[in-house]
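> Just to be clear, the model below is a prediction. Sequence and coordinates:
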Amino acid sequence: MGGQPGGNMMQQMKQLQEMQAKMMAEQNALGDESLDVSVGGGMVTVTMTGHQKLTAIAIKPQLLSPDEAEMLGDLIIAAVNQAVEQTQQMAADRMGSITQGLGLPPGLGF
């Protein structure tokens, strides 16, 4: 083992810095992506970015009657909650692809 003392540590630091840069790039890219989630057979559709910013809500006109107010509220809540879950999974998938192979214990991946 005629390697330079601390050489392994320097390599690990370099790998960590590269991973950190990739994670920042992916995190930024998530803000440029969006997904649509529809509920109630397409009665309500929401659009959310990968940074979990709600950017649009589309509602079928028949849900705009006063008789449908409660259902409309329920559908909006369901659509937003599904969009949050899907964007969280999208972010976890992206970050997981970067951190895999690091040998982190379960639960410490990003």
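Perfect, I can see it now.
> A strand includes residue 79, no?
No. Secondary structure of residue 79 (DSSP: H, G, I helix; E, B strand; the rest coil): helix, not part of a strand.
> Surely it touches residue 45?
Yes. Using CB atoms under 8 Å, residue 79 is in contact with residue 45, at 6.9 Å. Any C-beta I mention is one placed from the backbone N, CA and C, and that applies to glycine too.
> can you list the weak-confidence ranges in the chain?
1-6, 99-110 (pLDDT under 70).
> tell me the contacts of residue 24?
Not one residue lies near residue 24 by CB atoms under 8 Å, 6 or more residues apart in numbering.
> which stretch of helix or strand covers it?
helix 7-32 (DSSP states H and E).
> same for the next helix-or-strand element following that helix, what does it pack against?
With elements assigned by DSSP H and E, the helix or strand that comes after helix 7-32 is strand 34-39. In terms of contacts (3 or more CB pairs under 8 Å, 6 or more residues apart in numbering; DSSP states H and E), strand 34-39 is packed against strand 44-49, helix 69-99.
> Can you dump the C-alpha atoms of the shortest one in PDB for me?
Extracted in PDB, the C-alpha atoms of strand 44-49 (Å, rounded to 0.1, in the frame of the first residue of the first chain):
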ATOM      1  CA  VAL A  44     -60.700  18.300 -11.400                       C
ATOM      2  CA  THR A  45     -57.100  18.400 -12.600                       C
ATOM      3  CA  VAL A  46     -54.200  20.100 -10.800                       C
ATOM      4  CA  THR A  47     -50.700  20.900 -12.100                       C
ATOM      5  CA  MET A  48     -47.800  20.900  -9.600                       C
ATOM      6  CA  THR A  49     -44.100  21.500 -10.100                       C
END
